[in-house]
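Predicted model and sequence follow; I will ask about them next.
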Amino acid sequence: TQLLEQSPQFLSIQEGENLTVYCNSSSVFSSLQWYRQEPGEGPVLLVTVVTGGEVKKLKRLTFQFGDARKDSSLHITAAQPGDTGLYLCAGDRGSTLGRLYFGRGTQLTVWP
Amino acid sequence: DVKVTQSSRYLVKRTGEKVFLECVQDMDHENMFWYRQDPGLGLRLIYFSYDVKMKEKGDIPEGYSVSREKKERFSLILESASTNQTSMYLCASSFSTSGANKAVSSYEQYFGPGTRLTVT
């Protein structure tokens, strides 16, 4: 059973469109991270959100942590082909061993 | 810059062979992780280690073992490779999340480029 459910699994859009990716759980997380993975590479951290209701912006990317710390969203404004990649959310449950729980990912393709 | 390196980018092995995948990190991280990544299944944790010679099972440890004799190196071993172990294997490392080092940033994992293993 997946602790974090991501949707949609695939997203194919035109350059300039907006999109939102969701990461949901019935469990509470101490923090939640978003990673992006490009073909042939490992995932790279984009952002960490910690406080319920927190909103963080990274240029055209907006990340939100739900008030109850059970869900998160990633919104991209005016998507560009360079945004193409696999987006993964990952949550920590306060383990002292550093374990993260990953969602299955959203494969985003932005066409020029 | 943190660097996590994996011994091979591509590997082809035969069924029944013993396979070693090696991972080295240069940031003095306490924690190291092995995942496998399959289309539609995301990252699944195989094993992780929080200190030299210490290991913990992840969600799918069957058919795998690990070794951590030095802090910077974490090896994944497939004792007898099978075709269902064909996958992308990713290694990651992070700082300790306990004691004086505990901070939100401790949970950030740094990944290697992956090893695509094919078992025929």
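That came through, no problem.

does the residue of chain A found nearest chain B sit in a helix, a strand or a coil?
Closest approach between chain A and chain B, counting by Cβ to the nearest Cβ: A:G42, at 2.8 Å. For every residue, glycine as well, the C-beta is placed using N, CA and C. Following DSSP: H, G, I helix; E, B strand; the rest coil, the label given to A:G42 is coil.

Excluding chain neighbours, what is closest to it?
B:F111 (2.8 Å; Cβ to Cβ, 6 or more residues apart in numbering or on different chains).

any idea how far the one you found lies from A:S73?
23 Å (Cβ to Cβ, to the nearest Å).

neighbour-wise, which of these two wins?
B:F111 (23 against 17; other Cβ atoms under 10 Å in any protein chain shown).

Which residues are in contact with the closest residue to B:L41 other than its chain neighbours?
The shortest distance from B:L41 to any non-neighbouring residue, by Cβ to Cβ, 6+ apart, is to A:R104 (6.4 Å). Shown in contact with A:R104 (Cβ atoms under 8 Å, 6 or more residues apart in numbering or on different chains): A:2, A:5-6, A:9, B:40-42.

what sits opposite the one residue in chain B that gets nearest to chain A in the beta ladder?
Residue nearest to chain A within chain B (Cβ to the nearest Cβ): B:F111, separated by 2.8 Å. Residues in a beta bridge with B:F111, per DSSP bridges, are B:A92.
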